[in-house]
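Enquirer: Next come a sequence and a model predicted from it.
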Amino acid sequence: MSSIEKQIADHVDSARDRIVQTLSDLVAFPSIVKSNPKDAGPGERDCQLYLQKRLEALGFETDLWDPDGPALYAKYEGRPGANKGRTFEGRPNLGGTLKGTGGGRSIMLTGHIDVVPPGAAEHWSTDPFVPVLKDGFLHGRGTVDMKGGVACMLMAVELLKELGIELRGDVVFTTVVDEEIGGMGSLAMVDRGFRADAGIMTEPTANRIAPLCHGILWGKIIIDGIGGHAELTPNAWYTSGPVDAVQLCRQMLDGIDIINRRWMFDPKKNHPLMDLPNQIIVTQVTAGEHPSSMAGRAEIIIDAQYLPSEKDEFGLGGHVKREIEEHVHNICQADPYLRQHPARLEWILDADCAEIPADNPFVSVFQQATEAAGLSPALSGFGAHSDIGLPTGLGNTPTVNFGPGDPAQAHQPNERVSVQDLVDCTKAIAVAVTKWCS
């Protein structure tokens, strides 16, 4: 470890309580994203105003704006991040630039401040938006996903400023909304012109460098049966019904299990940095209309993953969509009723993915920084979706995931992050910024 790296590490260690307090401040804003963006409360805006004030105190030139959702959709329809119906009134993005002395490489530190709803209060042992420090962990919604990372990237820059370390390159800082509902906030950020020579997105990776993430497809499989009395002997379905949509739903679920088993051994569905193969995960099932009636309809919501190598000509998951559509068609062919009344598949979301090559110069620099912070330099995959594809692809800013916390804690009740993870992450980012921008 060099003398400047030790100086950074010691200063971050001394700022442990300040890092925790910064994250506590962020968690206290209930910046919940909603399916209907017009239902969103002031939490997102209040959180961004807090961050803007902190950035301006450090000398950043800031930009706080409400993106124009319909205009973005019209401009980028059919491209990554373009989701119809998203609006941003009172839900601003924040960007800022801290100018370097000149002649150095720039870096973008980026993250999202929206969080998913906390769910049932009885599932939490604490108030989700009242941060609680207990046994070396800070508890609260967003501590892992991903206000913990936002706190670390803010504190990394603040602590470098306090040490008087001059950077030749610019530091670009962006925090977006709407990530948890499709990523249009990141699209708006890149469209606004925020970019750099390299980027760190502080999604939770347990402080491992993840230059790869999955693409995600959300789809709805609609199965129409024929409703009828559940307790009477039915006529044949081909005369007057009924046809039980629950039974048809079971067949469809069995068929999804079959394709998942096939994908387990398909080289196209596996990546050496990913712990698991691509999967089609059933996340919601709805069926039936009345306790004494056979279900006339069933709906299955799926979450399907794809890898960067599977992207179509638009940078999205069109090839995998067609693969799943063909499989659903084949499932229907195995049933005489579904053969005549096939299930319908409606696509809800296509969130893109990216992979930064391991030999990218920034990856090498960042690996050195993690080692200096006492962390493993080994690369890993980020199993969930993140927005790195938008700055990487559209913004020409090769961006990796790196952030504190166990990613399995994301979206869970009693979400919590280790204070040591926060400290180690702040060290690694501060050293990486110094190495890259100086």
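Expert: Received, thanks. Residues are numbered from 1 along each chain as shown.

Enquirer: Identify the residue nearest the geometric centre of this structure.
Expert: When C-alpha atoms, centre = their mean is applied to the chain, the residue found nearest the centroid is Ser386 (3.7 Å).

Enquirer: okay but that one is in contact with Val400, surely?
Expert: No - between Ser386 and Val400 there is no contact under C-beta atoms under 8 Å: 9.7 Å. C-betas here are computed from N, CA, C, even on glycine.

Enquirer: Where does the prediction get shaky in the chain?
Expert: 234-240 (pLDDT under 70).

Enquirer: can I see the domain layout of it?
Expert: 3-213+354-437, 215-351 (automatic domain parsing).

Enquirer: right, so the ones you listed: which one is the most enclosed?
Expert: domain 3-213+354-437 (a mean of 21; mean count of other C-beta atoms under 10 Å).

Enquirer: chain center to it: distance?
Expert: In terms of C-alpha atoms, centre = their mean, to the nearest Å, the centre of domain 3-213+354-437 is found 11 Å from the chain centre.

Enquirer: Check the separation of the first and last residues in that domain.
Expert: 17 Å (C-alpha to C-alpha, to the nearest Å).

Enquirer: same question, stretch 157-168
Expert: Per C-alpha to C-alpha, stretch 157-168 runs 14 Å from first to last residue.

Enquirer: What lies in contact with that stretch?
Expert: For stretch 157-168, contacts defined as C-beta atoms under 8 Å, 6 or more residues apart in numbering pick out 4, 7-8, 11-12, 15, 54, 58-59, 98, 100-105, 109, 171, 173, 426, 430, 433-434, 437-438.

Enquirer: and if you look at stretch 117-128?
Expert: Contacts for stretch 117-128 (C-beta under 8 Å, 6+ apart): Ile32, Lys34, Phe129, Val132, His139, Gly140, Arg141, Pro413, Asn414, Glu415.

Enquirer: which one among these gets closest to Ala245?
Expert: Ala245 has its nearest neighbour among the contacts of stretch 117-128 in Lys34, at 29.6 Å by C-beta to C-beta.

Enquirer: contacting residues for the closest one?
Expert: Ala40, Pro117, Ile181.

Enquirer: Now do the contacts for the last one.
Expert: For Ile181, the contacting residues are Val33, Lys34, Ser35, Pro37, Asn83, Arg86, Asp114, by C-beta under 8 Å, 6+ apart.

Enquirer: Same check on Leu217?
Expert: Counted by C-beta under 8 Å, 6+ apart, Leu217 has contacts 302-306, 317, 320-321, 324, 347, 349-351.

Enquirer: Just the closest of the residues you listed to Gln48, please.
Expert: For those, the nearest to Gln48 is Ala351 (22.3 Å; C-beta to C-beta).

Enquirer: That closest one against Cys213, yeah?
Expert: No - the criterion here is C-beta under 8 Å, and Ala351 misses it with Cys213 at 9.4 Å.

Enquirer: Next, show the common contact partners of those two.
Expert: His385.

Enquirer: Now do stretch 277-291: everything it contacts.
Expert: Contacts for stretch 277-291 (C-beta under 8 Å, 6+ apart): 214, 227, 230, 245-246, 249, 253, 256, 259-260, 263-264, 266, 269-270, 294-307, 320, 324.

Enquirer: rerun at 7 Å
Expert: 227, 245-246, 249, 253, 256, 259-260, 263-264, 269-270, 295-307, 324 (C-beta atoms under 7 Å, 6 or more residues apart in numbering).

Enquirer: And for stretch 56-75?
Expert: Residues contacting stretch 56-75 (C-beta under 7 Å, 6+ apart): 48, 52, 55, 82, 84, 86-98, 157-158, 161, 173, 184-185, 187-188, 191.

Enquirer: one more time with 6 Å
Expert: 52, 55, 82, 84, 86-89, 92-98, 158, 161, 188 (C-beta atoms under 6 Å, 6 or more residues apart in numbering).

Enquirer: re the thing from before, now the contacts of Leu217 as TSV including secondary structure?
Expert: Output for those, formatted as TSV (DSSP: H, G, I helix; E, B strand; the rest coil):
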residue	secondary structure
Ile302	strand
Asp303	strand
Ala304	strand
Gln305	strand
Tyr306	strand
Gly317	coil
Val320	helix
Lys321	helix
Ile324	helix
Trp347	strand
Leu349	strand
Asp350	strand
Ala351	strand
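
Enquirer: Which members of those are the farthest-apart pair?
Expert: Longest span within the contacts of Leu217, C-beta to C-beta: Ile324 and Ala351, 15.3 Å.

Enquirer: Please name the residues that touch Pro204.
Expert: Val144, Asp145, Gly403, Gly405, Pro407.

Enquirer: list the contacts for the third one?
Expert: Contacts for Gly403 (C-beta under 6 Å, 6+ apart) come out as Gly149, Thr202, Glu203, Pro204, Thr205.

Enquirer: what's the answer for the last one, then?
Expert: Contacts for Pro407 were tallied using C-beta under 6 Å, 6+ apart; they are Pro204.

Enquirer: What strands line up against the one helix or strand Leu138 maps to, and which way round?
Expert: Per DSSP states H and E, Leu138 falls inside strand 137-139. Sheet pairing of strand 137-139 (DSSP bridges) gives strand 132-134 (antiparallel), strand 416-418 (antiparallel).

Enquirer: need the next SSE after the last one, C-terminal direction.
Expert: Read in the C-terminal direction, the helix or strand following strand 416-418 is helix 419-437, with elements assigned using DSSP H and E.

Enquirer: Give me the packing partners of that following helix, helices and strands only.
Expert: Contacts defined by 3 or more C-beta pairs under 6 Å, 6 or more residues apart in numbering; DSSP states H and E place helix 419-437 against helix 3-14, helix 16-27, strand 107-112, helix 147-163, helix 361-372.
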